[in-house]
Structure formats: structure tokens, C-alpha cells
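**Student:** Provide a 3D model corresponding to the input given below.
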Amino acid sequence: MKRSSILITMLIGLLICFSAGAVFAEKPIIVGSPLPLTGPYASDGEQMKMALEMAVEEYNAAGGLLGRKIEIKFGDVGGLEAEKIKAVGERLIGAGANAIITGYDDGGVDTKVFGQYDVPYLHGNAMTLCTAPVAKEPEKYWNCFQYTYNDIAYGINAINNLFTVPEKMGWTPPNKKIVIIKVDYAYNVMPADLFAKRAKKLGYEVVVDETVPFGVAEWGPILSRIESKQPAYVTFWHLDPTDAARFIKQFVDRFGTDGINSLVWMQYTPSIPEFLELAGKSADGLIWVAGAREFGDKYENYRKRWIARFKKEPAGLYSLATRDGFDIWANAVKRAECVDCYREIAREIREAVHEGIAAMYVFNPIDQSAIQGEHLMPLVWNQIWDGKHIQMEPKSFKKGNYRKPPWMKK
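**Tutor:** So this is what the prediction gives:
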């Protein structure tokens with residue numbers, strides 16, 4: 001009888017332990033995602049959300065992560081206002097997030113918001129404001145990773161490539177005059193100012209250097225200055241797709257008939273899916289630069305899965321890069337073999353090389369941003385024709401040749 005009682009007690013104990021273990025295994029892993037789901041960047045935010053939803057669906061269909069289901073909780077940061085980012089951050093962390101992953105949620109406060117917690121924070125903000133705190137206080141912000149290059153890479157890239165376009169296009173610039181239009185936002189101001197400084201050293205003349213607010217509806221005064229200066233290069237550093245579309249439409253309306261011998265170049269913004277819808281035919285001939293949309297062999301497989309899931313093509317950089325951010329974190333969790341050993345996961349992210357859909361990711365050990373380069377996280381030059389983005393360079397991404405824009409004088 002004694003032996004029977006002991007055996008029964010042991011069995012009950014084992015059942016209790018087993019039940020507790022089963023409940024733990026069923027507890028989901030929470031991923032928090034602050035995204036711009038309303039406001040001017042909502043079309044980018046939609047692509048980020050779709051990418052993360054598909055990632056969670058695919059992981060869960062394959063057994064989850066470490067045998068646990070993944071759940072994702074979204075938070076809307078609207079137009080990237082600092083107050084919204086702080087509020088969303090508190091809510092997502094309060095919901096038990098084991099990681100924070102976004103395409104971009106930048107407002108200049110992101111690192112300080114999410115760096116105060118222990119969970120990994122992966123973002124594609126492309127802002128020096130987000131990575132400078134990591135470089136300055138690496139022990140405080142060890143959990144913050146930017147899976148894109150810094151904004152100043154655009155300025156360096158523009159200096160290295162813009163002035164080589166005329167020869168490739170078969171066009172002779174009439175002068176060395178440059179117009180710089182930038183919105184009052186660090187992501188745009190920092191690379192534009194670096195570009196201006198280096199262009200002057202190369203002997204170019206910046207004849208217009210205008211900082212504008214968000215929400216410019218009428219570009220007439222600046223277009224008048226462009227008309228009077230007749231520059232060879234018009235550069236536009238402005239994140240808002242509505243403002244950018246208004247600019248190019250008004251530019252074409254003003255110069256499309258009589259013509260003007262100017263190239264027009266934009267930083268990133270035409271990558272936002274909404275831009276082409278707003279700009280329409282006026283965008284033809286426009287040159288723009290952003291991260292790769294088709295990198296390596298993984299892209300085509302991903303594209304097919306995306307179309308099967310959403311019945312349309314992936315649009316813009318963040319339909320791809322956001323998934324890469326998720327995979328970087330998930331693969332680090334697999335290697336660490338735990339979801340809440342946050343420092344170990346951060347070490348795995350920091351030290352690994354990740355071959356993704358949009359880039360080959362190698363993190364700079366100083367500020368934990370992705371290193372920019374043609375075969376790493378590339379910047380790809382595009383020209384728009386017939387409502388399509390055609391990749392022009394670097395060579396490994398080339399799918400077409402530069403052509404003179406329709407507004408140029410014949």
C-alpha cells in the first residue's frame with residue numbers, strides 16, 4: 001500500500017509538471033510592431049504590415065519558433081510623431097513583447113524609447129539620429145539594431161554617381177549648377193547638406209538651397225527660382241510622397257512644353273507605393289535612389305509567395321526589408337535557443353551575416369547599422385518610365401539604360 005501511494009504521488013507530480021510544461025510551450029511569443037499605418041507614409045506601412053503578417057503565418061505553419069506560436073501586435077505611429085512613438089512603445093512592451101520589429105517608425109526618439117527596455121529592437125529607419133546613441137553609449141543601447149544604412153549614405157552615393165549620369169544618358173549638362181530642395185527633417189537634411197558641401201568642393205555651384213516644411217501645396221516660387229537659374233541638376237530630398245508628387249507634377253506642368261535642361265533626382269520617396277499613384281505620367285524620366293527591391297535568388301521565391309497570399313506584387317523596399325528584419329531576429333533566437341535571453345540574441349544578431357531578400361546584412365559593430373555596399377545593403381538607382389521603376393545601376397542590378405526626360409529641351 002505504501003509503495004502504491006508513493007507511485008500515485010509521483011505520477012500526480014509528473015502530471016502536474018507535464019501540464020505546466022505544456023502550458024508554457026503553448027504560450028505565444030509576442031512580437032510588437034510600431035508602424036505608420038495612417039498618415040503620409042501609410043502605403044509603406046501597409047507593405048510592412050503585410051510582410052510581418054506573412055512572416056508570422058509562414059513560421060506558425062512550419063511549427064512556430066522554438067516550438068511556440070508567434071503572435072504579432074501592431075501599433076500605429078501615424079506621421080512618425082514622437083508622442084505617438086512613445087505611447088505605442090509603452091503599449092507594446094506592456095503587452096509582453098519579446099521583440100520590437102518595424103520597417104520604420106522614426107521620429108528621432110526611437111532608440112531612446114526602445115533602448116530603455118531589454119527586448120531586441122530592429123528597425124529600418126536609416127537615420128543617424130537613431131544610431132548615434134548606440135555608438136555613443138553601446139552598453140545602454142545594446143539591443144537596438146538598424147538593418148539599413150544611415151541617411152548620410154544617400155549624400156555620399158549622390159556625389160559618387162549623379163554627375164556620371166549625363167554621359168550614360170548621352171546628354172551634355174549646360175552648366176554645373178545645382179538646386180537642393182530639402183524638407184526640415186533630419187533624414188533628408190543631413191545627406192542633402194553633406195551632398196552640398198562635397199559638390200562645392202568639386203566645383204559645382206549650389207544656386208538654390210531651400211529648406212521647406214511638410215505640406216507644401218504650391219511649388220511655384222521655388223519653380224520660378226529654378227527657371228531663373230536654369231540648373232543642370234535639381235535634387236529633391238523630401239520624405240512625404242504627397243509633397244514629392246505635387247512637386248514633379250508642377251515641375252512638368254511648368255517646363256514640359258518649352259523644356260528645361262535639368263535632371264531631377266529624388267531621395268527614396270518614389271519608393272513609397274503611393275507616389276506613383278499620385279504623380280502619374282509626370283514621373284516619367286525622374287531618377288530616384290533607395291535600397292534594392294530585388295536582391296539575390298531569394299527574391300523570386302518570396303515574390304511568388306507574396307502574390308499567392310495577397311494577389312498583387314510586393315511594392316517598395318519595406319515589403320522585403322521588413323521581412324528581413326523579422327528573419328534576422330528569428331534566426332538569432334534559433335541560434336540562441338531561447339526567446340528571452342535578450343543579450344545572447346543581440347550578440348547573435350551583431351555577429352552573424354544574414355542573406356536576406358533585400359540585402360546581405362552585416363552590422364557595423366560601432367553603431368549596429370547595416371553596412372552599405374553594392375553586395376551588402378545596396379543603394380540602387382532607378383528611372384521611372386511608363387509608371388514603372390527601372391533599375392539603372394549599380395551594374396549587378398541594371399535592367400535598363402538612362403534616357404533623357406521628356407521635359408528636356410530637344
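**Student:** pretty sure Ser43 sits in a helix.
**Tutor:** Yes. Ser43 forms part of a helix when assessed by DSSP: H, G, I helix; E, B strand; the rest coil.
**Student:** pull out the buried positions in the one helix or strand Lys49 maps to.
**Tutor:** Assigned by DSSP states H and E, Lys49 falls within helix 42-61. Across helix 42-61, burial judged by 16 or more other C-beta atoms under 10 Å covers 42-52, 54-56, 59. For glycine as for every other residue, the C-beta is placed from the backbone atoms N, C-alpha and C.
**Student:** where does the residue nearest to the spatial centre of the chain land on pLDDT?
**Tutor:** With distances taken as C-alpha atoms, centre = their mean, the residue of the chain nearest its centroid is Gly124 (4.4 Å). Gly124 carries a pLDDT score of 96 in this model.
**Student:** mind jotting down where the helices sit in the stretch 101-250 of the chain?
**Tutor:** Here the stretch 101-250 of the chain has its helices, by DSSP state H, counting those that start in this stretch, at 110-114, 128-136, 152-161, 165-169, 186-201, 220-229, 241-255.
**Student:** which one of those lies nearest to Ala279?
**Tutor:** helix 241-255 (4.1 Å; C-beta to C-beta).
**Student:** buried set for the closest one?
**Tutor:** Buried residues in helix 241-255 (16+ other C-beta under 10 Å): 241-252, 254-255.
**Student:** surely Glu294 is in contact with Ser396?
**Tutor:** No. Taking contacts as C-beta atoms under 8 Å, Glu294 lies outside contact range of Ser396: 10.7 Å.
**Student:** so between those two, which is more surrounded?
**Tutor:** Comparing Glu294 with Ser396 by other C-beta atoms under 10 Å, the one with more neighbours is Glu294, at 17 against 12.
**Student:** can you give me phi and psi for that one?
**Tutor:** Note on Glu294: its backbone torsions stand at phi -140, psi 90 [degrees, to the nearest 10].
**Student:** for the one 10 residues further on, same thing?
**Tutor:** When quoted as degrees, to the nearest 10, the phi and psi of Lys304 stand at phi -60, psi -40.
**Student:** what is the burial count for it?
**Tutor:** Look at Lys304: counted by other C-beta under 10 Å, it has 10 neighbours.
**Student:** likewise Asp258?
**Tutor:** There are 9 residues near Asp258, going by other C-beta under 10 Å.
**Student:** you'd agree Ala279 is up against Ala245?
**Tutor:** Yes. Ala279 is within contact range of Ala245, at 4.1 Å (criterion: C-beta under 8 Å).
**Student:** hmm, Leu278 is touching Asp240, no?
**Tutor:** No. Leu278 is not in contact with Asp240 according to C-beta under 8 Å; the separation is 10.5 Å.
**Student:** residues in contact with Glu227?
**Tutor:** Glu227 makes contact with Arg254, Phe255, Ile260, according to C-beta atoms under 8 Å, 6 or more residues apart in numbering.
**Student:** from Glu227, how far off is the second one?
**Tutor:** According to C-beta to C-beta, to the nearest Å, Phe255 stands 8 Å off from Glu227.
**Student:** just the last one next, same as before
**Tutor:** Spatial separation of Ile260 from Glu227 under the definition C-beta to C-beta is 7 Å.
**Student:** between Leu278 and Asp240, tell me which one has more neighbours.
**Tutor:** Asp240 (23 against 18).
**Student:** quick check: closest non-adjacent residue to the more buried one.
**Tutor:** Closest residue to Asp240 apart from its sequence neighbours, by C-beta to C-beta, 6 or more residues apart in numbering: Pro40 at 4.9 Å.
**Student:** wait, the one you found sits on Ala245?
**Tutor:** No. Pro40 lies out of contact with Ala245 (C-beta under 8 Å); the separation is 10.8 Å.
**Student:** lowest average confidence, helix or strand, in this structure?
**Tutor:** Across the helices and strands of the chain, mean pLDDT, DSSP states H and E gives its lowest value to helix 2-26, namely a mean of 46.
**Student:** before we move on, the earlier item: and the contacts of the helix holding Lys49?
**Tutor:** Helix 42-61 has contacts (C-beta under 8 Å, 6+ apart) with 31, 33, 35-38, 65, 69-72, 74, 76, 101-104, 241, 271-274, 305-306, 309-310, 314-316, 318-320, 322-323, 326-327, 330.
**Student:** and with 6 Å instead?
**Tutor:** Contact with helix 42-61 is made by 33, 35-37, 65, 69-70, 72, 103, 272-274, 309, 315-316, 318-319, 322-323, 326, as judged by C-beta atoms under 6 Å, 6 or more residues apart in numbering.
**Student:** and that helix, C-alpha only, in CSV?
**Tutor:** C-alpha atoms of helix 42-61 as CSV (Å, rounded to 0.1, in the frame of the first residue of the first chain):
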residue,chain,number,x,y,z
ALA,A,42,0.6,54.6,-44.7
SER,A,43,1.2,52.9,-48.1
ASP,A,44,4.7,52.0,-46.9
GLY,A,45,3.2,51.0,-43.6
GLU,A,46,0.7,48.7,-45.3
GLN,A,47,3.6,46.9,-47.0
MET,A,48,5.4,46.5,-43.7
LYS,A,49,2.3,45.1,-42.0
MET,A,50,1.7,42.6,-44.9
ALA,A,51,5.3,41.5,-44.7
LEU,A,52,5.1,40.8,-41.0
GLU,A,53,1.7,39.1,-41.2
MET,A,54,3.0,36.7,-43.9
ALA,A,55,6.1,36.0,-41.8
VAL,A,56,4.1,35.1,-38.8
GLU,A,57,1.8,32.9,-40.9
GLU,A,58,4.7,31.1,-42.5
TYR,A,59,6.6,30.5,-39.3
ASN,A,60,3.5,29.2,-37.5
ALA,A,61,2.6,26.9,-40.3
